[in-house]
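J.: here's my sequence, what's the structure:
(one chain, ligands or ions: 1)
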Amino acid sequence: MVRHPDAAMKARLRRYWLAPLPAPPERYRRGPWRPGFFRSGRRSTALTARLGLWLGLAFGICFLTGLLSHVIQHPPGWFWWPSRPVRLYQVTQGLHVITGLASAPLLVAKLWSVYPRLFAWPPARTVAHAAERGAVALLVAASLFQVVSGILNIFQKYGLMPFFFTAAHYWIGWLLIGAMLIHVGTRPRRTEGLSKDRRRLLLGVGAAAGLITLFTAGQTVRPLAPVALLAPRRPGDGPQGLPVNKTAAAAGVLPLIDDPAYRIILAGPGGELSLDLAALNALPQHAAILPIACVEGWSSTATWSGVRLRDLVAMAGADPDRAVAEVESVQAGGRYRTSVVAPEHVRDPLTLIALRLRGEVLHADHGYPARLIAPNRPGVLQTKWVGRITVREET
Ligand code: HEM
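T.: Numbers count the residues shown, from 1 in each chain. Model prediction:
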């Protein structure tokens, strides 16, 4: 029989790919490498598979909600994000952090259930098996990185992360999901049922995840705030009963915001206006009950009042129903010094340049003299200490 050269090549490749590697030398099989070294009867493929399913679900939720947060902050041309419901981002990012935290005990249990395989002998039976194990190693490293870096971020331990958290967490998120999909495609099928012992162990892990959720969810679910014992923030913490991430002192704006020469420059198709605090206070004032929903998963709702952004846009000579506004802080620099407000948010009457919080003049750390507050946006885009608003009409 004459074989097509392509078929012969494929057969050869397949043989190399699946051929068993040479047998390991006997003298290396010591300690944990000895067969029978790990004797806990609780480990089983069925237990590992169930933990994997829960962990897969948790990581899937984290990936989707994290990706959403990323595109809201760095919107590609095709992306559209509504201003209603006003609490949508609060829910998705709250879910991200709560699910991520609840995944920690699942990850620990999953690693416990499989770590003897680190010492499996031979380390790889075939080239294909070596590739599969490589993907698992990547999956373990990426999972640990995501959970640990996420926790360091919400506790603001930036000093322990010698890299830019957001970029690293974003790209490792993709790596994790990729490795997870390869793993799901190549893992062994579950064969056995669960013994009583293992069911009890699973129940314990589920209870640990539940308790972590209960003790942290209060950072965004107000009725649970009194038991938010593990949460880095609570909704009522901070000046005027609202948490603060960046203070006026840290942003270096203190002399500028107290300067009597403070103005908001409003620039648009109609020219440039300079508005001092008296002028801003003389404009029609409106109130909006809106949350500050931080990327770190905490959130807190309050009544804000001030001038509608759409009114300012009209004053700048643009159509408030199809205008984009760039809002700039008086800060000299910083990643979140400016933010772009898309037409959906500009036209929404709840989007304010706020001058007051809970009826009081804004605290310096909440953005005095004026800050942006818009529905359904991450806190990092709610620019504080506004110094300039540039308006242009969408073409
Ligand atoms: C304890 C677990 C976790 C915590 C506490 C956590 C926390 C966070 C925080 C605070 C952010 C916002 C960063 C920012 O915009 O500045 C974020 C974003 C993100 N997270 Fe997580 N996370 C966790 C687990 C995960 C996991 C398991 C995945 C993926 C499978 C993931 C994927 C992402 C992605 C893709 C982003 C968007 C990053 C960006 O804005 O560019 N996270 N996470």
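J.: contacts for the longest strand that the chain contains, please.
T.: Longest strand in the chain by number of residues, with DSSP state E as the criterion: strand 299-308. Applying Cβ atoms under 8 Å, 6 or more residues apart in numbering, the contact partners of strand 299-308 are 90, 93-94, 219-220, 222, 235-236, 240-243, 280, 283-293, 349, 351-359, 370, 373, 379. No exception for glycine: its C-beta is placed from N, CA and C like everyone else's.
J.: in the stretch 251-395 of the chain, which spans are helices?
T.: 254-257, 277-282, 309-315, 343-347 (DSSP state H, counting those that start in this stretch).
J.: got a list of contacts for the first one?
T.: Counting by Cβ under 8 Å, 6+ apart, the neighbours of helix 254-257 from elsewhere in the structure are 248, 262, 330, 364, 368, 369, 385, 387.
J.: same list as before, the residues you listed that is, but in TSV and with distance to residue 150, pLDDT and neighbour count included.
T.: Supplementary listing: the contacts of helix 254-257 in TSV, determined by distance: Cβ to Cβ, whole Å; pLDDT from 0 to 100; neighbours: other Cβ atoms under 10 Å:
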residue	distance to residue 150	pLDDT	neighbour count
248	28	97	21
262	38	97	17
330	32	98	22
364	30	98	20
368	32	98	22
369	35	98	24
385	29	98	25
387	33	98	20
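J.: contact residues of the stretch 251-395 of the chain facing the ligand?
T.: Within the stretch 251-395 of the chain, the positions adjacent to the ligand are 295, 296 by Cβ under 6 Å from any ligand atom.
J.: show me the strands in the stretch 251-395 of the chain, by range?
T.: 264-268, 271-275, 286-293, 299-308, 323-329, 338-341, 352-357, 360-361, 371-373, 386-393 (DSSP state E, counting those that start in this stretch).
J.: need those in CSV (columns: distance to residue 317).
T.: Output for those, formatted as CSV (distance: least, Cβ to Cβ, whole Å):
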stretch, distance to residue 317
strand 264-268, 5
strand 271-275, 7
strand 286-293, 21
strand 299-308, 16
strand 323-329, 10
strand 338-341, 17
strand 352-357, 17
strand 360-361, 29
strand 371-373, 20
strand 386-393, 8
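J.: quick one: closest of those to residue 43.
T.: Of all these, strand 299-308 sits nearest to residue 43, with 39.9 Å by Cβ to Cβ.
J.: tell me the secondary structure for the residue nearest to residue 116 when sequence neighbours are not counted?
T.: Using Cβ to Cβ, 6 or more residues apart in numbering and skipping the chain neighbours, the partner closest in space to residue 116 is residue 38 (3.9 Å). The three-state label given to residue 38 by DSSP: H, G, I helix; E, B strand; the rest coil is coil.
J.: likewise residue 236?
T.: Going by three-state DSSP: residue 236 is coil.
J.: so who does it touch?
T.: 225, 242, 300.
J.: now the helix or strand containing residue 9: buried residues?
T.: Here residue 9, judged by DSSP states H and E, is contained in helix 5-18. Residues of helix 5-18 classed as buried: none (neighbour count, 16 or more other Cβ atoms under 10 Å).
J.: let's see the pLDDT reported for the closest residue to the ligand within the stretch 251-395 of the chain.
T.: Proximity of the stretch 251-395 of the chain to the ligand (Cβ to the nearest ligand atom) peaks at residue 295, 3.8 Å away. Residue 295 is assigned a predicted lDDT (pLDDT) of 97.
J.: from residue 252, how far out is it?
T.: 22 Å (Cβ to Cβ, to the nearest Å).
J.: ditto for residue 149
T.: 27 Å.
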